[in-house]
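Participant: Okay, sequence plus prediction incoming.
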Amino acid sequence: MIVNSSIFLLFLSLFISSATANTQISISPKTLNRSGDSVVIKWSGIDTPSNLDWLGIYSPPNSPHNHFIGYKFLNASSTWQSGSGSISLPLTNLRSNYTFRIFRWTRSEIDSKHLDHDQNPLPGTKHLLAESDQVTFGSGTPEQIHLAFEDGVDRMRVMFVAGDGEERFVRYGERKERLGDSVLARGVRYEREDMCDAPANTTLGWRDPGWVFDAVMENLNGGVRYYYQVGSDSKGWSEIHSFIARDVSSEETIAFMFGDMGCATPYTTFIRTQDESITTVKWILRDIEALGDKPALVSHIGDISYARGYSWVWDEFFSQIEPIASRVPYHVCIGNHEYDFPTQPWKPDWAAWTYGNDGGGECGVPYSMRFNMPGNSSEPTGMKAPPTRNLYYSYDVGSVHFVYISTETNFLTGGRQYEFIKRDLESVNREETPFVVVQGHRPMYTTSNEVRDAMIRQKMVENLEPLFVENNVTLALWGHVHRYERFCPIRNNTCGKQWRGSPVHLVIGMAGQDWQPIWQPRPNHPGLPIFPQPEQSMYRTGEFGYTRLVANKEKLTVSFVGNHDGEVHDTVEMLASGEVISGSKDDTVKTVPASATLVGKPESNVSWYVKGAGLMVLGVLLGFIIGFFTQGKKVSSSDNRWIPVKNEET
Ligand SMILES: [Fe+2]
């Protein structure tokens with residue numbers, strides 16, 4: 001036995017040292033202009049290539065081996081078995097240089113306790129084969145540009161990120177060739193010590209977030225297109241972007257609304273990322289471009305980047321949304337993944353297990369510093385961290401009064417937020433804005449009846465629903481559940497006839513995150529893949545996508561657009577008279593689209609740890625999938641209230 005072990009170790013050391021001796025790595029180019037530019041990493045000379053050889057991506061370059069921001073296996077290159085290959089990677093500007101390291105990892109070194117968020121083992125760093133030169137971003141040009149409405153109707157806020165705190169400006173005007181107005185941007189930053197828990201406050205999760213700049217363009221003429229750029233003469237200017245100024249009296253209101261989108265990364269990292277978000281952004285960008293000179297806005301109602309304490313994921317997120325957020329105001333409300341932390345000040349006994357550490361120790365700091373929404377709501381974190389802001393606010397656009405609320409902080413009767421919502425809803429001028437849309441993260445209604453949020457739902461019904469009912473809220477939008485689901489006009493879990501007194505509720509958390517809870521199980525068969533769809537639920541689907549809202553003084557229409565084909569699959573119209581018209585396209589029988597995978601990450605070389613369990617649940621998941629796509633639309637016949645899934649025994 002000892003002899004066998006010795007032979008194995010000798011073989012292992014030869015295997016590793018032969019690979020180490022000859023490995024070469026090179027990169028091109030060594031300077032990139034801006035986020036999204038690609039670097040090509042080439043290697044050669046790897047003896048006895050293994051499918052566990054991997055490429056670590058590091059920023060800053062002096063990061064310890066196990067503090068990569070992400071990795072790729074070398075077998076991503078088609079020629080890897082020859083010992084040579086190349087990988088092209090689009091990089092996001094993290095305001096520090098990048099470097100790349102190639103490691104050899106062996107099966108005997110797999111550590112089943114050192115796992116990523118998907119329970120795959122993280123690659124080992126014992127055997128460095130080669131390290132590249134550094135890649136740098138050449139300019140100090142700001143990036144991650146995003147717009148938002150401000151409290152003044154003739155204003156537009158613009159925020160962006162730069163690597164230093166030197167003065168930056170926004171210059172803007174109605175003509176692209178003459179940006180005659182200029183305003184100084186205020187730069188702020190946050191520190192690792194501001195984070196409340198791990199991994200956000202550890203060297204693993206923390207990276208310098210740069211300086212966040214904030215400026216407000218003023219005296220804008222409603223409905224007019226403005227051109228703008230951000231930066232400075234000494235550090236460089238961004239490219240010129242444009243937007244349509246807010247027009248409170250516009251005939252038409254257009255919004256793109258969703259929750260739980262996250263972002264994609266071109267590498268595997270410590271947490272699950274959301275590949276489907278690429279398609280959501282793609283279709284929304286298509287829609288915005290098709291609008292021409294009509295103004296629009298975006299609402300992302302919580303669970304925004306899913307950075308969960310890994311700082312650079314925020315950079316990836318803002319780079320990904322910049323094409324839409326630099327054109328239309330990008331509005332947000334807070335979700336559990338922005339905030340949830342163990343010592344959060346508001347954690348009532350009845351929901352102690354509901355509020356945990358979903359924020360990865362961020363305690364709302366990146367959310368509060370990187371966005372600046374209207375209003376002045378704020379709550380102390382109870383720690384060194386700066387107060388949490390962007391909690392509750394509202395604004396009018398055209399015929400719609402939009403309200404954003406926080407399900408992460410106190411929403412109970414008598415609290416500050418409750419009083420705000422009450423005052424706000426009571427003061428809406430229904431002549432000007434006949435429609436009122438309230439948005440929050442955790443749903444008041446869903447048929448994904450997870451026990452964890454049951455008390456939240458109950459408390460929302462008890463405390464908030466009476467305000468919505470009394471003040472004739474038209475529509476309530478929620479995220480958190482990664483599904484699209486539309487309810488009847490509803491009050492106290494009972495369908496009404498009109499939205500007046502019974503707001504229509506939609507769950508719209510289907511924009512990217514792929515962890516999808518099951519629908520409501522039957523009480524007597526909780527583990528079986530059968531999904532009763534109560535009569536209150538008019539339409540529900542497992543497809544990814546987003547919603548479009550279009551309103552004028554007479555009618556507000558919301559449509560669900562599926563990511564798999566970019567087309568509308570469900571529509572509901574709410575008339576100013578109170579009538580609700582349901583107009584779903586009948587697509588009850590569907591095949592599973594390629595974009596609707598349950599697990600969006602590319603398969604890892606080392607996912608065998610989860611494959612066994614995966615196979616066991618595959619049959620159940622198949623049942624779930626079939627269930628989702630065979631009962632999207634609620635069939636009104638009461639005989640069909642309990643719809644069996646085909647191939648239940650699968
Ligand atoms: Fe959530």
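Facilitator: Perfect, I can see it now.

Participant: For Arg286, give its distance to Thr541.
Facilitator: When distances are taken as C-beta to C-beta, to the nearest Å, Arg286 and Thr541 turn out to be 20 Å apart. For glycine as for every other residue, the C-beta is placed from the backbone atoms N, C-alpha and C.

Participant: Between these two, point out the one with more neighbours.
Facilitator: Comparing Arg286 with Thr541 by other C-beta atoms under 10 Å, the one with more neighbours is Thr541, at 24 against 11.

Participant: Glu465 touches Arg491, doesn't it?
Facilitator: Yes: in this structure, Glu465 is within contact of Arg491 by C-beta atoms under 8 Å, at 7.0 Å.

Participant: And the two? Which one has more around it.
Facilitator: When Glu465 is set against Arg491 and neighbours are counted by other C-beta under 10 Å, the residue ahead is Glu465, at 21 against 16.

Participant: Check what pLDDT that one gets.
Facilitator: For Glu465, the pLDDT comes out at 98.

Participant: can you check Met455 too?
Facilitator: Met455 is given a pLDDT of 93.

Participant: Ok, Val461 next?
Facilitator: Residue-level confidence at Val461 comes out at 98, pLDDT.

Participant: same question, Gly440
Facilitator: Reading off the confidence values, Gly440 has pLDDT 98.

Participant: ok, now which ones touch it?
Facilitator: With contacts defined as C-beta atoms under 8 Å, 6 or more residues apart in numbering, the neighbours of Gly440 are 301-302, 333, 404-407, 476-478.

Participant: Need the phi and psi values for it.
Facilitator: Note on Gly440: backbone dihedrals following degrees, to the nearest 10 are phi -150, psi 170.

Participant: Counting neighbours, what do you get for the nearest residue to it once chain neighbours are set aside?
Facilitator: Sequence neighbours aside, Ile405 is the residue nearest to Gly440 in space, at 4.4 Å (criterion: C-beta to C-beta, 6 or more residues apart in numbering). Burial of Ile405, expressed as a neighbour count using other C-beta under 10 Å, amounts to 27.

Participant: Surely Ile405 is in contact with Gln417?
Facilitator: Yes: counting by C-beta under 8 Å, Ile405 sits close enough to Gln417 to count as a contact (6.6 Å).

Participant: any residues in contact with both of the two?
Facilitator: Common neighbours of Ile405 and Gln417 are listed as 391-392, 411 (criterion: C-beta under 8 Å, 6+ apart).

Participant: For stretch 93-100, report the contacting residues that lie outside it.
Facilitator: Outside stretch 93-100, the residues that reach it (C-beta under 8 Å, 6+ apart) are 25, 27, 32, 34-35, 39, 41, 55-61, 69, 91, 131-137, 143, 161-163, 207-208, 210, 312, 315, 319.

Participant: What are the buried residues along it?
Facilitator: When burial is assessed from 16 or more other C-beta atoms under 10 Å, stretch 93-100 yields the following buried residues: 93-100.

Participant: and whatever residue of the stretch 51-200 of the chain ends up closest to the ion, how many neighbours?
Facilitator: Of the stretch 51-200 of the chain, the residue with the smallest distance to the ion, taken as C-beta to the ion, is His117 at 14.9 Å. Using other C-beta under 10 Å, His117 has 15 other residues around it.

Participant: Can you classify it by secondary structure?
Facilitator: What DSSP: H, G, I helix; E, B strand; the rest coil gives for His117 is coil.

Participant: Can you name the residues of this structure that neighbour the ion?
Facilitator: Proximity of the chain to the ion is assessed by C-beta under 5 Å from the ion, with 303, 335-336, 480 identified as the residues in range.

Participant: Generate JSON lines for those, with secondary structure and pLDDT as supplementary columns.
Facilitator: As requested, the residues of the chain next to the ion are exported to JSON lines (DSSP: H, G, I helix; E, B strand; the rest coil; pLDDT from 0 to 100):
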{"residue": "Asp303", "secondary structure": "coil", "pLDDT": "98"}
{"residue": "Gly335", "secondary structure": "coil", "pLDDT": "98"}
{"residue": "Asn336", "secondary structure": "helix", "pLDDT": "96"}
{"residue": "His480", "secondary structure": "coil", "pLDDT": "95"}
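
Participant: Filter those down to the buried ones and express that as a PyMOL selection.
Facilitator: Only the buried entries of these go into this PyMOL selection, using 16+ other C-beta under 10 Å:
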select buried, resi 303+335+336+480
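
Participant: for the residue of the stretch 351-500 of the chain found nearest the ion, what are its contacts?
Facilitator: The stretch 351-500 of the chain approaches the ion most closely through His480 (3.8 Å), counting by C-beta to the ion. The contact partners of His480, taken as C-beta under 8 Å, 6+ apart, are 259-260, 302-303, 335-336, 407, 441-443, 446, 453, 507, 509.
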